[in-house]
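Q: Fold the following.
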Amino acid sequence: MSFEAVVCKVDDLEDGQMKSVEVEGVNVLLVKENGSFHAIGSKCSHYGAPLANGSFCNGRVRCPWHGACFNVKTGDIEDFPGLDSLPVFEVIIKDGHVTIKGDKQALEKAKRIRTMVSSDRCVKETVLIIGGGPAAMICAETLRQECYKGKIIVATKEKNLPYDRPKLSKALNVSLEQIVLREQKFCDEHEIEFKFEHEAEKVDVKKKKVTFKRGKCLSYDRLVLATGTVPRVLATVKGVNLENVVTLRTLDDAHLIAKQSEGKDVVILGASFIGIEVAAALVDKAKSVSLADSGETPFQRSLGKEVGNSVRKLLDEKGVKFHFQTTASEFIGSNGKLKEIVLTNGTRLPADLCVMGLGVVPATGFLKGSGIDITDRGFVIVNKKMQTNKPDVYAVGDLTEFPLFLVNNESVNIQHWQMAHQQGRIAGLNIAGKPTEIHSVPFFWSVVCGKSIRYAGYGSGYDDAVIKGSLEELKFVAYYTKGEHVVAVATLNSDPVAAQAADYFLSGRKLTKEEIKKDPLAWTAKVSTSTHL
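A: Residues are numbered from 1 along each chain as shown. I've put the predicted structure just below:
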């Protein structure tokens with residue numbers, strides 16, 4: 001069943017402008033670019049953000065919340081997070097009016113899964129993907145979208161299909177059904193085979209074989225390493241192996257923390273994103289929440305002291321007790337269960353549960369002796385096509401160091417949900433015979449007590465933070481600068497500035513400290529007119 005509706009006049013939109021228009025009771029995003037009109041679904045396929053409130057640049061609209069990008073001509077998702085594309089509708093210009101025409105079912109669905117091929121038994125080739133996160137899922141889907149007809153096997157130590165892991169620290173009681181990226185039926189239909197509880201132990205690149213614990217082996221023609229990272233623990237601290245001294249990585253971990261914290265004394269080690277989000281999630285449920293960190297404020301390394309202190313105030317008001325410039329020196333228990341934590345400054349904290357949010361290390365120990373190049377820190381070195389130094393071996397996600405265009409192709413490690421998706425896509429395209437280099441702006445977000453912080457760019461090594469707006473009112477834009485140039489932007493209650501910053505950086509334009517001091521938002525007017533340099 002089709003629909004057709006006049007939605008506006010041609011002159012109602014200027015070039016580079018977006019507008020949400022109603023068709024059959026459903027909103028559609030209308031975009032005008034270079035005199036031509038395009039119409040696609042109006043909501044981001046990730047969490048449903050209204051795209052009309054986002055950023056538009058170079059034929060793509062970017063979600064204001066988490067940075068996903070959609071091509072306005074095809075509706076295809078081109079940067080992430082999320083998996084699905086958007087429906088696209090025909091636009092007809094007649095007598096100075098704009099008419100949108102299309103399929104009513106597509107209008108109502110709001111999301112679109114790109115066409116995928118099935119495997120062909122005549123194609124005697126296998127892509128083996130090791131790991132069970134978003135990079136693995138996106139890589140497998142991209143292969144099928146790009147007409148790869150060989151066998152696809154995803155072998156993971158997890159017991160579940162890939163799920164929305166960032167959700168765990170924000171909603172500890174969330175169910176698998178609420179956060180699974182794709183259901184088993186989808187994987188079966190598109191012949192993406194999962195092998196669960198398969199932990200890689202050794203890779204033999206000469207024989208093209210991976211050995212797993214318990215002696216299982218799988219052969220491959222192309223190999224994709226996507227094992228991600230594992231939480232860092234205080235391995236040498238006395239009592240660390242007591243019951244209820246835990247980390248957060250899996251769904252089971254989240255459920256355990258939710259259960260064991262109810263009405264109990266909780267201590268969290270680490271004031272970065274996991275630690276702060278878990279503290280915010282537990283403060284209304286636990287008897288007490290204490291947080292210890294070796295720094296001086298939350299998010300000190302990534303967002304700086306000023307922004308960190310504004311976040312601290314949110315949690316102070318909720319009752320979280322902070323202990324800075326210290327960490328655990330001993331875990332004390334009774335009958336094998338945690339009862340108290342002694343900090344390095346001598347403070348003793350009652351503790352029924354301790355959550356260690358102390359960062360992560362790459363899960364690449366199984367690559368020892370494989371000949372695959374890794375850094376001193378254990379990250380896999382790849383080029384812009386996600387290729388390692390070994391033929392037919394790719395690596396994607398949090399375990400990689402790759403050339404980032406924003407820093408003159410310096411090799412960096414970026415542990416963002418968005419970037420893991422994008423690297424999975426790039427690997428899939430290259431394996432499928434479509435040479436493509438990664439060109440993406442890092443984007444991440446955090447939610448603390450209902451307040452969303454968004455971040456775009458690469459701020460490592462920044463030397464100044466210029467804050468515009470009000471930290472007290474939690475409505476600001478923080479510009480992180482290195483020398484005279486802005487290298488990253490963080491926002492709170494200032495959408496769509498982070499999305500616009502990502503588009504501005506992607507275009508290759510430079511934003512200076514002098515510009516933002518004169519007028520902190522003048523540059524945003526140039527975003528829709530930016531072209532790649």
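Q: going forward, measure contacts and count neighbours with C-alpha atoms only.
A: Fine.
Q: how far away is Thr347 from Ala226?
A: In this structure, Thr347 and Ala226 are separated by 40 Å, where distance is defined by Cα to Cα, to the nearest Å.
Q: Equivalent analysis for Thr74, please.
A: As defined by Cα to Cα, Thr74 lies at a distance of 29 Å from Ala226.
Q: on that earlier part again, out of Thr347 and Ala226, which sits in the busier spot?
A: Per other Cα atoms under 10 Å, whichever of Thr347 and Ala226 has more neighbours is Ala226, with 31 against 13.
Q: which residues touch the closest residue to that one other than its chain neighbours?
A: Nearest non-adjacent residue to Ala226, counting by Cα to Cα, 6 or more residues apart in numbering: Gly131, 4.6 Å away. For Gly131, the contacting residues are 154-157, 225-228, by Cα atoms under 8 Å, 6 or more residues apart in numbering.
Q: in the stretch 201-350 of the chain, which spans are strands?
A: Applying DSSP state E, counting those that start in this stretch to the stretch 201-350 of the chain gives strands spanning 209-212, 217-219, 222-225, 229-231, 245-247, 265-269, 288-293, 321-324, 328-334, 337-343, 348-350.
Q: Likewise for the stretch 401-533 of the chain?
A: For the stretch 401-533 of the chain, strands defined by DSSP E, counting those that start in this stretch occupy the ranges 410-412, 443-448, 451-457, 464-470, 475-482, 485-492.
Q: mind putting those in JSON lines, distance to Asp204, mean pLDDT and mean neighbour count included?
A: What follows is the strands of the stretch 401-533 of the chain, written out as JSON lines (distance: least, Cα to Cα, whole Å; pLDDT from 0 to 100; neighbours: other Cα atoms under 10 Å):
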{"stretch": "strand 410-412", "distance to Asp204": "26", "mean pLDDT": "98", "mean neighbour count": "15"}
{"stretch": "strand 443-448", "distance to Asp204": "35", "mean pLDDT": "97", "mean neighbour count": "20"}
{"stretch": "strand 451-457", "distance to Asp204": "37", "mean pLDDT": "98", "mean neighbour count": "22"}
{"stretch": "strand 464-470", "distance to Asp204": "46", "mean pLDDT": "97", "mean neighbour count": "17"}
{"stretch": "strand 475-482", "distance to Asp204": "43", "mean pLDDT": "98", "mean neighbour count": "22"}
{"stretch": "strand 485-492", "distance to Asp204": "40", "mean pLDDT": "98", "mean neighbour count": "25"}
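Q: Ok, which of the ones you listed comes nearest Asp373?
A: strand 410-412 (13.1 Å; Cα to Cα).
Q: and Ser42, how far is that from Ile93?
A: Distance, Ser42 to Ile93, using Cα to Cα: 20 Å.
Q: Comparing those two, which residue is more hemmed in?
A: Taking Ser42 and Ile93 together and counting by other Cα under 10 Å, Ser42 has the greater number of neighbours (26 against 14).
Q: in this structure, which helix or strand is least confident?
A: Scoring the helices and strands of the chain by mean pLDDT, DSSP states H and E places helix 104-109 at the bottom, with a mean of 92.
Q: thinking again about what came up before, burial-wise, tell me which of the strands of the stretch 201-350 of the chain comes out on top.
A: The highest mean neighbour count among the strands of the stretch 201-350 of the chain, using mean count of other Cα atoms under 10 Å, belongs to strand 265-269: a mean of 26.
Q: related to what we said a few turns ago, now render the strands of the stretch 401-533 of the chain as JSON lines, adding distance to Met386.
A: Conversion of these to JSON lines gives the following (distance: least, Cα to Cα, whole Å):
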{"stretch": "strand 410-412", "distance to Met386": "12"}
{"stretch": "strand 443-448", "distance to Met386": "19"}
{"stretch": "strand 451-457", "distance to Met386": "20"}
{"stretch": "strand 464-470", "distance to Met386": "32"}
{"stretch": "strand 475-482", "distance to Met386": "28"}
{"stretch": "strand 485-492", "distance to Met386": "24"}
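Q: Ok, which of these comes nearest Cys69?
A: Put simply, out of those the one that sits nearest Cys69 is strand 443-448, at 11.4 Å, with distance taken as Cα to Cα.
Q: what's that closest one packed up against?
A: For strand 443-448, the contact count by 3 or more Cα pairs under 8 Å, 6 or more residues apart in numbering; DSSP states H and E identifies helix 273-282, helix 417-431, strand 451-457 as packing neighbours.
Q: List the pairing partners of it within its sheet, with orientation.
A: Sheet neighbours of strand 443-448, with direction, are listed as strand 451-457 (antiparallel) (DSSP bridges).
Q: which one of the contacts of Gly131 sits closest to Lys213?
A: Distances from Lys213 to the contacts of Gly131, taken by Cα to Cα, are shortest for Lys157, at 9.6 Å.
Q: Give me the secondary structure label for the closest one.
A: Going by DSSP: H, G, I helix; E, B strand; the rest coil, the secondary structure assigned to Lys157 is coil.
Q: Would you quantify the distance from the nearest residue to Ile332 once chain neighbours are set aside to Ile192?
A: Once its chain neighbours are removed from consideration, Ile332 has its nearest residue in Glu340; the separation is 5.1 Å (Cα to Cα, 6+ apart). The gap separating Glu340 from Ile192 is 47 Å, by Cα to Cα.
Q: what's the answer for Ser55, then?
A: In this structure, Ser55 lies at 34 Å from Ile192, with Cα to Cα as the measure.
Q: Next: Lys384.
A: Using Cα to Cα, we find Lys384 at a distance of 25 Å from Ile192.
Q: Likewise for Cys217?
A: With distances defined as Cα to Cα, the gap from Cys217 to Ile192 amounts to 18 Å.
Q: can you check Ala68 too?
A: Taking Cα to Cα as the measure, Ala68 falls 24 Å from Ile192.
Q: Please identify which of the two sits among more neighbours.
A: Here Ala68 and Ile192 are set side by side on neighbour count (other Cα under 10 Å), and the busier one is Ala68, at 25 against 20.
Q: Chain neighbours aside, what residue packs nearest to the more buried one?
A: Here the nearest residue to Ala68 in space, its sequence neighbours aside, is Phe80; by Cα to Cα, 6+ apart that works out to 4.1 Å.
Q: With Phe70 instead?
A: Spatial nearest neighbour of Phe70, excluding adjacent residues (Cα to Cα, 6+ apart): Ile77 at 4.5 Å.
Q: same thing with Glu146?
A: Using Cα to Cα, 6+ apart and skipping residues adjacent in sequence, the residue nearest Glu146 is Ala432, 6.2 Å away.
Q: burial of the one you found, as a residue count?
A: The local packing of Ala432 (other Cα under 10 Å) involves 18 other residues.
Q: can I assume it is in contact with Tyr148?
A: Yes. The criterion here is Cα atoms under 8 Å, and Ala432 meets it with Tyr148 at 5.8 Å.
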